[in-house]
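>>> Need coordinates for the below:
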Amino acid sequence: MLTLSQKLPDYFEYYEDGTQYYLRQVQYPQDIPLLHQWMHEPHVIPQWQLNKSELDLQVYFDKMLADDHQRLLIVGIDGKDVGYTEIYEGKRDRLGRYYEGDEQDLGWHLLFGDKSVFGKGFLRPTIRLLSFYIFEHSQAKKIVGEPDHTVKPYAAVVEEMCYESQRLIPMPEKTAMLYYCYRETFYNKFESYFKASQQQSEAQPA
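Modelled structure (predicted):
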């Protein structure tokens, strides 16, 4: 029987203000050189701590891709791969030890590896991309998140995206802030964005 994350599609596209955003399944081993490059970026190392050799990364991602509680995806903007995300099942993730969640909960981790996208206003649409990907293809009533509570810019953005802070969680490598994004709240605010995306998708040349 397929797990929640296995039921998620290999590809998802979202349009906002004329810009194409997409998620595609990580291809192994083809994507390893790109992931290796991103994991060694100075802005990525502190949070991800995966600045390993290419061989060690291959071993890491080989195990990660075999883990059926998560999906590993590349984030793209206007046809260019720019980041990496992990969509995970909250209750089956290690986060499940720290909160009382629902069996359908899904969460995500995100990094922008390509510095050329910084400061261009892409973070909010990308969070909408991830949220629509989850809500449109699962029964999740809420999305969960547990970023390091010291990442202040993240906190300011996600609350605007309907991610509500719950409480601090002491984890081995960080003190995390637990966030919930409820389906109903998110769609009350952003459903029009998804409808506009669908219209723009249909208008794209075949």
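>>> Residue 23 should be in a strand, yeah?
Yes - per DSSP: H, G, I helix; E, B strand; the rest coil, residue 23 lies within a strand segment.
>>> count of residues packed around it?
Residue 23 has 23 neighbouring residues, counting by other C-beta atoms under 10 Å. The way it works is simple: take the backbone N, C-alpha and C, and place the C-beta from them, glycine included.
>>> beta partners of it?
Residue 23 has the following beta-bridge partners by DSSP bridges: residue 12, residue 75.
>>> Check it and give its pLDDT.
Note on residue 23: pLDDT of 98.
>>> for the longest helix along the chain, packing partners?
In the chain, with assignment by DSSP state H, the single longest helix is helix 183-202. Under the contact definition 3 or more C-beta pairs under 8 Å, 6 or more residues apart in numbering; DSSP states H and E, helix 183-202 sits against strand 11-16, helix 123-136.
>>> List the buried residues for the shortest one?
When you say that, I think you mean strand 11-16. Neighbour-count burial for strand 11-16, counted by 16 or more other C-beta atoms under 10 Å, picks out 12-16.
>>> Would you point out the helix or strand in the chain whose mean pLDDT is lowest?
Across the helices and strands of the chain, mean pLDDT, DSSP states H and E gives its lowest value to helix 152-160, namely a mean of 85.
>>> Give me the contacts around that one.
Contacts to helix 152-160, defined as C-beta atoms under 8 Å, 6 or more residues apart in numbering, come from residues 123-124, 127, 145, 147, 149, 165, 177, 179, 181.
>>> Please apply the same query to stretch 126-140.
Under the contact criterion C-beta under 8 Å, 6+ apart, stretch 126-140 has outside partners 4, 7-9, 12, 14, 16, 21-23, 75, 77, 83, 85, 87, 102, 104-106, 108, 110, 112, 143, 157-158, 161, 163, 181, 183, 186-187, 190, 193-194, 197.
>>> circling back: export the buried residues of strand 11-16 as CSV, with columns for pLDDT and distance to residue 63.
Listed next are these as CSV, based on pLDDT from 0 to 100; distance: C-beta to C-beta, whole Å:
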residue, pLDDT, distance to residue 63
12, 98, 24
13, 98, 29
14, 98, 29
15, 98, 34
16, 98, 34
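>>> Just give me the closest of the residues you listed to residue 96.
residue 12 (24.8 Å; C-beta to C-beta).
>>> Now for the closest one: which residues touch it?
Neighbouring residues of residue 12 by C-beta under 8 Å, 6+ apart: 22-23, 129, 132-133, 136-137.
>>> What's the PyMOL line that selects buried ones from those residues?
Buried subset of the contacts of residue 12, written as a PyMOL selection, criterion 16+ other C-beta under 10 Å:
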select buried, resi 22+23+129+132+133
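>>> Would it be right to say that residue 83 lies in a helix?
No - looking at residue 83 with three-state DSSP, it is strand, so not inside a helix.
>>> before we move on, the earlier item: can I get whichever helix or strand comes after the least confident helix or strand of the chain as CSV, trimmed to CA atoms?
Per DSSP states H and E, the first helix or strand lying C-terminal to helix 152-160 is strand 163-171. Output of strand 163-171 as CSV, limited to C-alpha atoms (Å, rounded to 0.1, in the frame of the first residue of the first chain):
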residue,chain,number,x,y,z
TYR,A,163,1.7,29.2,9.1
GLU,A,164,0.8,29.8,12.8
SER,A,165,3.5,29.4,15.5
GLN,A,166,2.5,26.9,18.2
ARG,A,167,5.4,26.4,20.7
LEU,A,168,9.2,25.9,21.0
ILE,A,169,10.5,22.3,20.6
PRO,A,170,13.9,21.3,22.0
MET,A,171,15.6,19.1,19.3
